[in-house]
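> give me the fold of what follows.
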Amino acid sequence: MAYIEVMVQTLLAFSAILFYTRLLGKQQVGQLTFFEYVNGITFGSIAAVLATDVEPSRSLYHFLGLTLFAALTYLAGFVSLRSRKLRKIIAGEATIVVHNGKILEENMKKMHYNIDELLMQLREKDVFDLQNIEYAVLEPDGSLSVDLKSQAKPVTRRDMGISTEYEGLPVEVVMDGAIIHQNLQQVGLDEQWLRGELQKRGVKDINEVDLAVLSSRGDLFVDFSQDDLQSVTDISDNPEPSQKNKH
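Numbering: from 1, shown residues only. You can find the predicted model right below:
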């Protein structure tokens with residue numbers, strides 16, 4: 001009987017988390033503020049207790065706590081959108097930690113942020129010389145944004161006066177063997193055109209295609225479900241090319 005209760009309660013906890021997380025919105029884990037990170041752990045902990053507590057009389061309390069926690073999270077997000085002051089209290093704010101090549105120690109102390117963390121995050125952005133930094137800003141999610149001085153920034157095509165063409169986003173037209181008709185319509189094409197292009201590549205059945213992507217330049221990339229390649233799990237297993245093949 002306890003096994004059935006755990007199964008039912010797990011299904012309830014899973015469904016509740018799925019519903020509440022979709023309701024609260026989505027955000028990448030790397031973009032979570034400390035409050036959102038702790039909030040997510042607590043939310044998951046309540047759901048875990050709901051799924052595994054075999055005492056039926058307490059399941060309702062756990063579900064009520066989970067619902068209340070989701071409601072408070074939603075309320076905090078709603079308030080953050082309406083009030084900048086409250087948003088700063090709930091989510092925190094960006095803090096300048098380097099200005100014109102100089103470390104702002106007082107700002108770092110307020111954020112409990114040390115030199116080792118700063119240097120590590122700078123190295124992750126390929127910045128090794130503090131003198132090249134105009135601004136370094138510690139974001140609410142703990143990431144570091146760096147603005148280099150103009151003389152240290154890479155040269156762009158605009159700097160060299162080279163004209164460029166607009167590059168839009170590629171569009172998926174086939175995924176997992178299914179044609180995405182909506183995407184085809186958005187780019188002014190149809191299924192007949194797509195099947196014709198696939199036939200030119202030797203495709204007899206759409207199920208043979210794992211992914212087909214149309215670039216903004218009109219090029220169609222096709223990846224087949226069954227690629228004619230040897231299984232490679234470790235590049236060290238591949239013999240080095242002979243000197244003859246290198247030339």
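
> which element follows whichever helix in the chain runs longest toward the C-terminus?
The helix of greatest length in the chain, counted in residues with DSSP state H as the criterion, is given as helix 56-82. The C-terminal neighbour of helix 56-82 among helices and strands, as given by DSSP states H and E, is helix 84-91.

> what's the angle between that next one and helix 56-82?
With axes from the mean of the first three to the mean of the last three Cα atoms, to 10 degrees applied, the angle from helix 84-91 to helix 56-82 works out at 140 degrees.

> so what secondary structure elements neighbour helix 84-91?
Contact here means 3 or more Cβ pairs under 8 Å, 6 or more residues apart in numbering; DSSP states H and E; on that basis helix 84-91 packs against helix 34-52, helix 56-82. (Glycine included, C-beta is placed from N, CA and C.)

> make it 7 Å
Applying 3 or more Cβ pairs under 7 Å, 6 or more residues apart in numbering; DSSP states H and E, one finds that helix 84-91 makes contact with helix 56-82.

> from the contact counts, what lies against the longest helix of the chain?
helix 2-24, helix 34-52, helix 84-91.

> buried residues, stretch 52-65. List them.
Neighbour-count burial for stretch 52-65 flags 53, 59, 62-63 (criterion: 16 or more other Cβ atoms under 10 Å).

> pretty sure residue 197 contacts residue 222?
No - applying Cβ atoms under 7 Å, one finds residue 197 not in contact with residue 222, separated by 8.3 Å.

> average pLDDT across the longest helix of the chain?
Across helix 56-82, pLDDT averages out at 80.

> now do that helix against helix 2-24, angle only.
Angle between the axes of helix 56-82 and helix 2-24 is 10 degrees (criterion: the same axes, to 10 degrees).

> can you give me the domain boundaries for the protein?
Listed domain ranges for the chain are 2-88, 95-152, 171-224 (source: automatic domain parsing).

> where does pLDDT dip in the chain?
Applying pLDDT under 70 to the predicted model, the residue ranges of the chain that meet it are 1-3, 23-34, 56, 227-247.

> count the neighbours of residue 226 for me.
Residues near residue 226, counting by other Cβ atoms under 10 Å, number 7.

> I misspoke; the intended subject was residue 95.
16.

> likewise residue 72?
Residue 72: 11 surrounding residues under other Cβ under 10 Å.

> for residue 135, same thing?
Residue 135 has 14 neighbours, counted by other Cβ under 10 Å.

> alright, I will stop here.
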